[in-house]
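Chemist: can you look at this prediction? I've put the sequence above it.
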Amino acid sequence: MHRWADTKEHLSQWLIQRAPFNLTDGVWLRNITPTGPITDTEGLLFAIYADELGNGDYKQNHCNVFVDIIRSLGIELPPVRSRAFVDLKCILESSFTKPVYTLASSLWSQTFFPEILGQTLWLEWNSPPEHAPAAKALEKWGLNPTFSILHTAIDNVVNGHGRYALNAIHNYLSEIDAREGHKAMQEHWLRIWTGYTACKLNVIEFRITVPGCVSPACRCAFLLTMYMSVW
């Protein structure tokens, strides 16, 4: 059992710190497909994003599911797209680092398409190993395990998002090899690997200032990238 689940209080705090990332679940894929015809690679990535949104069923929307879990703790968070959310003192600055990375990468989906493929592979393959023990811990302490149960199932590497991500990479590299040759394919593979390792390490240093914003830089970046739209 992880130390963050030693007590109900520990687990509750862990859930709160996950709010910035879980309330932006799937955001790195929000601009992954253009309007018009798409490739099979883009189709696989969009299928992942559609699942994160609940495929039109608001009850299955992953962010909504997580909101219900936080409410079960007796906590009502401000809207995730609000200034009040980023100013919450109960959420650590470090809890915004990972979602800022996924938000920022989504702004240049076409420019960094290979890197986003690698990022998606890391996120989807590492989801079940994280959420399976989390679901057990939540059940142990009488907390809502739906979010973790959902991700343990839907992100599996056999026929879930983990497999979608892997197939998307195989398809993409095959497309590059056929169109541009083996050398180009190797270059794109290196970019995919860079995206994978960058997401794993998630080492980001922010050097920004926002006039009139007293929040630390990472919180400012979180709010800004929520509203920015760059293709």
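Modeler: All right, it came through fine. Residues are numbered from 1 along each chain as shown.

Chemist: switch to C-alpha atoms for all contacts and neighbour counts from now on
Modeler: Will do.

Chemist: what stretches of the chain score poorly on pLDDT?
Modeler: 1-5, 202-216, 229-231 (pLDDT under 70).

Chemist: how about the residue in it that sits furthest from its center?
Modeler: With distances taken from the mean C-alpha point of the chain and given as Cα atoms, centre = their mean, the most distant residue is residue 181, at 31.9 Å.

Chemist: phi, psi for that residue please.
Modeler: Here is the backbone geometry of residue 181 (degrees, to the nearest 10): phi 100, psi 170.

Chemist: ok, it to residue 121 distance?
Modeler: Applying Cα to Cα, to the nearest Å, the value for residue 181 to residue 121 is 24 Å.

Chemist: before we move on, what about residue 44?
Modeler: Taken as Cα to Cα, the span from residue 44 to residue 121 is 12 Å.

Chemist: quick check: neighbours shared by the two?
Modeler: Here residue 44 and residue 121 have residue 165 as joint contacts, going by Cα atoms under 8 Å, 6 or more residues apart in numbering.

Chemist: out of the two, name the residue with the larger neighbour count.
Modeler: A count of neighbours by other Cα atoms under 10 Å puts residue 121 above the other of residue 44 and residue 121, at 27 against 20.

Chemist: longest helix anywhere in the chain?
Modeler: helix 113-140 (DSSP state H).

Chemist: which parts of the protein are helices?
Modeler: So, for the chain - with DSSP H - the helices run 8-17, 19-22, 40-53, 62-72, 83-86, 97-106, 113-140, 146-154, 161-180, 182-201, 217-227.

Chemist: much appreciated, bye for now.
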